[in-house]
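*Asks:* turn this into a structure:
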Amino acid sequence: MSKSNRVDPAVFRRASILVAEGDRALRRALRDVLLGMGFPTIYVSGTQADTLRQIGEREPSVILLDNSLPGGNGLALTRRLRQHGGMYSQSPIVLMIAAPDVGLVAAARDAGVNEIVVKPVSMEALVLRLMHVLKAPRPFIRSTGFVGPDRRRLGERRTGERRNHPAGGLRQERRQRPSRRTGHDRRHSA
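*Replies:* Numbers count the residues shown, from 1 in each chain. Predicted coordinates for the structure are as follows:
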């Protein structure tokens, strides 16, 4: 696990979270899990209108948002927050989706969602997604047609660099690992 992916409970202890979930029992269960993770302040909401109100009043560090929230879907709410341009337009959003498919995941990414977690929510997935948005957030992009976190992940950026390589994606020579003793490239030390 990379350094940025390691679980650091101190990150949670410094953050507040808004749980926007329509199902009361799941909302309570998520609140209990988040308390156990170390979040000192947890706000809960059951509707889109209440979620918008609480975002303005409570200023949560992160929003855990159900895609099928009563009063509107999570994607529409995310777009609304991102396009608003106010101080909450860059709030990290972790979207909960019950039945994801490729189209819905792409739409969530394009709406400006930071992370997605599949329902029923696993504790491990939730911890990792929250660590991503709180400990190692992606840069925020504001351009024509898109407002949200950078849609590429580090691995995808590296792949993109290879595609743009002058050799058309194929390397002419195999890259050698640096020597453990000297740190120099082995090709040049022979």
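
*Asks:* got a list of contacts for the helix or strand hosting residue 131?
*Replies:* Assigned by DSSP states H and E, residue 131 belongs to helix 123-135. Residues from elsewhere that reach helix 123-135 (CB atoms under 8 Å, 6 or more residues apart in numbering): 4-8, 11-12, 15, 17, 33, 37, 61-62, 64, 92, 94, 114-118. (Each C-beta comes from the backbone N, C-alpha and C, glycine too.)

*Asks:* next up, identify which helix or strand residue 64 is on.
*Replies:* strand 62-66.

*Asks:* just to check, residue 66 is in contact with residue 94?
*Replies:* No - using CB atoms under 8 Å, residue 66 is not in contact with residue 94, being 10.4 Å away.

*Asks:* residues contacting the nearest residue in space to residue 27 that is not next to it in sequence?
*Replies:* Distances taken as CB to CB, 6 or more residues apart in numbering put residue 21 closest to residue 27, at 4.3 Å, once the chain neighbours are dropped. Taking CB under 8 Å, 6+ apart as the criterion, residue 21 is in contact with 27, 30, 44, 45, 46, 64, 66, 69, 96.

*Asks:* next, format those residues as TSV and append secondary structure, pLDDT and neighbour count.
*Replies:* Formatted as TSV, the contacts of residue 21 follow (DSSP: H, G, I helix; E, B strand; the rest coil; pLDDT from 0 to 100; neighbours: other CB atoms under 10 Å):
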residue	secondary structure	pLDDT	neighbour count
27	helix	96	18
30	helix	97	21
44	strand	97	19
45	strand	97	25
46	coil	96	18
64	strand	98	28
66	strand	97	26
69	coil	94	23
96	strand	97	25
